[in-house]
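1. quick check, what structure comes out for this input:
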Amino acid sequence: MERTEFITTDTHTGGEPTRIVLDGIEDGALTGETVRDKRDRFAATADGVRALLMREPRGHADMFGAVPVPTDRADLGVFFMDTEGYLDMCGHGLIGVVTALVERGDLPASPELTVETPAGLVDVTVETADGRVRRVAFENVDSYVCETVTVDRDGGPAEARVVYAGNYFAVVDADSLGVTLDDAAECIEPALALRRAVNDAAPTDPTTGEPAPVAAVELTAGDGRSCVVFADGSVDRSPCGTGTCARLTLHHADGDLAVGERIEVTGPVGSTFEGYIADTRVEDGVTVTSPVVSGTAHVTGEHTFYRDGNDTLGSFTIG
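-> I've put the predicted structure just below:
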């Protein structure tokens, strides 16, 4: 039986993995005018590759991935995936991809780059020294508060703030869910239950009037810690790049963060991202922010994975 090879470079950004697929995907699976088109084509015709590389036995329940693609609109095109599907934007993944491709020489070691994602164009700043990438910052797509959803719980009501930051987040104070951020595993079930309840309430995007389906839940604490739960209970080991953007946008909306004021957000394993609001504007009564987040990624390995026709097990998750 035929054996197919997939070449990847893996990174971690603040502890959160990104498996970057460099080769092995058939060209026909990446056709389209925009990166969003290419992502959708891949999802429709080659989703088994995502499952193969994200899930066991080659991946794990919390694996995350990225696929660089050609684009005429930017220096780089990339889309993002996990064990359950696809996201329009990912901050930690973007930092990992840029770090790996610059260090490989696949991207110019330019201090300023533009990346096309399914969510839109993202401006990136790269700090290098001695041929290594020391830090990557990105100015995210437009971010804004959508609405507040009150969720009834056994322990009392909890308020979730729905924010768009490239993906739709439900941001909630961890105390209101009866959990602390000392043990990320304890956050998973309450976060998934909250996401179900918020999506049952059918929040809308104030800029389009369209549904705003929440992809991830961000539990926050007053000391700057956060824990982001996504997919089918995956926990972001990093502070979450787009989640940090959502938090910055909320702080600004609440009057707690001035334009240009920098804060640090800490993830479940103690790694940090720095962020600030670069600019704001008001469109049709909605305050739109331009959040900037920076962090550091490291290459963890280069891999050749096989899909062997004689291996009938395929890919799977447990739990």
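2. would you mind giving the domain segments of the chain?
-> As given by automatic domain parsing, the domain ranges for the chain are 3-139+298-308, 144-294.
3. mean pLDDT, distance to residue 319 and mean neighbour count added to those domains, as CSV?
-> Bear in mind the C-beta positions are built from the backbone N, C-alpha and C, glycine included. As requested, the domains of the chain are arranged in CSV below (pLDDT from 0 to 100; distance: least, C-beta to C-beta, whole Å; neighbours: other C-beta atoms under 10 Å):
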stretch, mean pLDDT, distance to residue 319, mean neighbour count
domain 3-139+298-308, 97, 6, 19
domain 144-294, 96, 8, 19
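4. relative to residue 318, which of those is closest?
-> Across the domains of the chain, the minimum distance to residue 318, taken as C-beta to C-beta, is reached by domain 3-139+298-308, at 7.1 Å.
5. that older thread, between the domains of the chain, which one is nearest to residue 316?
-> Proximity of the domains of the chain to residue 316 was assessed by C-beta to C-beta; the nearest stretch is domain 3-139+298-308, lying at 5.6 Å.
6. just the helices in the stretch 101-250 of the chain please.
-> 188-200, 241-253 (DSSP state H, counting those that start in this stretch).
7. following the chain onward from the last one, which element is next?
-> If you walk from helix 241-253 toward the C-terminus, the next helix or strand you reach (DSSP states H and E) is strand 263-266.
8. so what secondary structure elements neighbour that following strand?
-> Packing partners of strand 263-266 (3 or more C-beta pairs under 8 Å, 6 or more residues apart in numbering; DSSP states H and E): helix 241-253, strand 272-283.
9. distance to residue 175 added to these, as CSV?
-> Compiled in CSV, these are given as follows (distance: least, C-beta to C-beta, whole Å):
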stretch, distance to residue 175
helix 241-253, 16
strand 272-283, 21
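10. center of the chain, which residue is that?
-> The centre of the chain sits closest to residue 90, judged by C-alpha atoms, centre = their mean, with a distance of 2.7 Å.
11. which residues touch that residue?
-> Applying C-beta atoms under 8 Å, 6 or more residues apart in numbering to residue 90 gives the contacts 64, 66, 80, 117, 166, 167, 241, 242.
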